[in-house]
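A.B. asks: Here you go, sequence then predicted model.
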Amino acid sequence: MPKVKIVGVEKLQKKLRKNVDMEEVKHTVRKHGSQLEAKAKRKAEFKGHYEWSKEAGGEVFVKPSGNLKNSIRTEVRNGGMTAEIEPTAEYAAYVELGTRYMKAQPYLKLAFEEQKTKFRNDMKKLTR
């Protein structure tokens, strides 16, 4: 499954514990985790695709099932300090990264890139 890892969390946690109300940090983590999940789901709304069908003797349009979008979930861990957003559909990585037969259709990385600046800004406000 595609995952995003943030480096430097330990250093940030030390500074936060020293200077900040940890309940506000946990609230911020939950809030941004939830927003990231919503963005990833919006970006995982595909319009369908054409694929070869032996029975039809050619290409047929396949409607999207919504399975990938519905499989994206947030799990809060580490006492509220970590929000993990992960699709559980078995083919999620193929859609995100592509294959030699299919172009990538990123949804998680794009959502993360949009959300990370907002998260950083909120965390900076808490550490002032």
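C.D. replies: Structure's in. What do you need? Numbering: from 1, shown residues only.

A.B. asks: can you give me the strands for the chain?
C.D. replies: 49-53, 58-62, 72-77, 82-87 (DSSP state E).

A.B. asks: Now tell me what touches the first one from outside.
C.D. replies: I take that to be strand 49-53. The contact list for strand 49-53 (C-beta atoms under 8 Å, 6 or more residues apart in numbering) reads Gly58, Glu59, Val60, Phe61, Val62. Bear in mind the C-beta positions are built from the backbone N, C-alpha and C, glycine included.

A.B. asks: Wait, Ile85 touches Val76, no?
C.D. replies: No - the criterion here is C-beta atoms under 8 Å, and Ile85 misses it with Val76 at 10.2 Å.

A.B. asks: what touches both of those two?
C.D. replies: Common neighbours of Ile85 and Val76 (criterion: C-beta under 8 Å, 6+ apart): Gly33.

A.B. asks: Neighbour count: these two, which is higher?
C.D. replies: Remark: of Ile85 and Val76, Ile85 carries more neighbours, 25 against 15, as counted by other C-beta atoms under 10 Å.

A.B. asks: From Phe61, how far off is that one?
C.D. replies: To Phe61, Ile85 is 30 Å away according to C-beta to C-beta, to the nearest Å.

A.B. asks: picking that back up, columns distance to Arg30 on top of the contacts of strand 49-53, output as JSON lines?
C.D. replies: Listed next are those as JSON lines, based on distance: C-beta to C-beta, whole Å:
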{"residue": "Gly58", "distance to Arg30": "49"}
{"residue": "Glu59", "distance to Arg30": "44"}
{"residue": "Val60", "distance to Arg30": "43"}
{"residue": "Phe61", "distance to Arg30": "39"}
{"residue": "Val62", "distance to Arg30": "36"}
